[in-house]
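A.B. asks: pasting the sequence and the predicted coordinates here, then a few questions.
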Amino acid sequence: DAGVIQSPRHEVTEMGQEVTLRCKPISGHDYLFWYRQTMMRGLELLIYFNNNVPIDDSGMPEDRFSAKMPNASFSTLKIQPSEPRDSAVYFCASSFGLITDTQYFGPGTRLTVL
Amino acid sequence: RKEVEQDPGPFNVPEGATVAFNCTYSNSASQSFFWYRQDCRKEPKLLMSVYSSGNEDGRFTAQLNRASQYISLLIRDSKLSDSATYLCVVGAQGAQKLVFGQGTRLTINP
């Protein structure tokens, strides 16, 4: 398996623009997670899905953020409109189980909002 | 109080030394524990799970102390390649998620 795939790897955009991050989880994994990592706040869970259904989105910072998982092999995280404080590395991860199994992370998307 | 707390470091130790760091967690109902490793500008990867009886993987030893609610990681005969950030991860069925610590940054010096 190729592992978790994320695109784009780097994104530079201007404030106010829409940003869409993409993720393909490992085949067969039931859980998909979106994280954000900054120096100040560390790794924060934004939202996770179980069998394509959003279970906990309490980490989503505000209404500008939305995530979807239309099928078992694809998920998106959208920021609209983007702001400079959204600049961070966004990781997607997937796993078989919720808390007892290894989470496999993608390489991340480094987002810079100017 | 944070759910999972780690000393951010940095820890700077000479090659060949033994280094240890702890992580404390606040949820007494926590039931799964892990150490992840994150290299600079890379994604986190599982280093090892932490079992109640403690476990060892080569030069790495992980221990769990439920009474005091902490887990530890010991690295013996440290190598330059051990330089990384080590993330403590704790999961509780009730919380329905894994919680990652801020990470401890370790640099091994030649």
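C.D. replies: That came through, no problem. Numbering: from 1, shown residues only, chains lettered A, B, ... in the order given.
A.B. asks: near chain A, which residues of chain B show up?
C.D. replies: Residues of chain B lying near chain A by Cβ under 8 Å from any Cβ of the partner chain: B:31-32, B:34, B:42-46, B:49, B:87, B:91-93, B:95-103. In this view, the C-beta of every residue, glycine as well, is placed from N, C-alpha and C.
A.B. asks: for the residue lying closest to A:Q6 once chain neighbours are set aside, phi and psi?
C.D. replies: Distance criterion Cβ to Cβ, 6 or more residues apart in numbering or on different chains; nearest residue to A:Q6, sequence neighbours excluded, is A:G106 at 3.8 Å. Dihedral pair for A:G106: phi -80, psi 180, per degrees, to the nearest 10.
A.B. asks: B:G94 belongs to a helix, doesn't it?
C.D. replies: No. Assignment of B:G94 by DSSP: H, G, I helix; E, B strand; the rest coil gives coil, placing it outside any helix.
A.B. asks: if I pick A:P54, what's in contact with it?
C.D. replies: Residues near A:P54 by Cβ atoms under 8 Å, 6 or more residues apart in numbering or on different chains: A:47-48, A:67, A:69.
A.B. asks: and whichever residue of chain A sits closest to chain B, how close does it get to B:G94?
C.D. replies: Sorted by distance to chain B under Cβ to the nearest Cβ, the residues of chain A start with A:I99, at 3.1 Å. Separation of A:I99 from B:G94 (Cβ to Cβ, to the nearest Å): 10 Å.
A.B. asks: ok, those two, which is more surrounded?
C.D. replies: Regarding A:I99 and B:G94, a neighbour count based on other Cβ atoms under 10 Å in any protein chain shown identifies A:I99 as having more, with 22 against 10.
A.B. asks: run through the residues that contact the more buried one.
C.D. replies: B:31-32, B:91-93, B:95-98.
A.B. asks: now with 10 Å, please.
C.D. replies: A:31, B:30-32, B:34, B:89-99 (Cβ atoms under 10 Å, 6 or more residues apart in numbering or on different chains).
A.B. asks: over to B:A20?
C.D. replies: Listed by Cβ under 10 Å, 6+ apart, the contact set of B:A20 reads B:11, B:61, B:63, B:72-76.
A.B. asks: do B:V90 as well
C.D. replies: With contact set as Cβ under 10 Å, 6+ apart, B:V90 has these partners: A:99, B:3-4, B:23-27, B:30-34, B:50, B:69, B:71, B:97-101.
A.B. asks: now A:A67: which helix or strand?
C.D. replies: According to DSSP states H and E, A:A67 maps onto strand A:65-71.
A.B. asks: near chain B too, which of the contacts of A:P54?
C.D. replies: Contacts with chain B within the contacts of A:P54, counted by Cβ under 10 Å from any Cβ of the partner chain: A:Y48.
A.B. asks: mind putting the contacts of A:P54 in a markdown table, neighbour count included?
C.D. replies: Below are those laid out as a markdown table (neighbours: other Cβ atoms under 10 Å in any protein chain shown):
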| residue | neighbour count |
| --- | --- |
| A:I47 | 22 |
| A:Y48 | 26 |
| A:A67 | 20 |
| A:M69 | 21 |
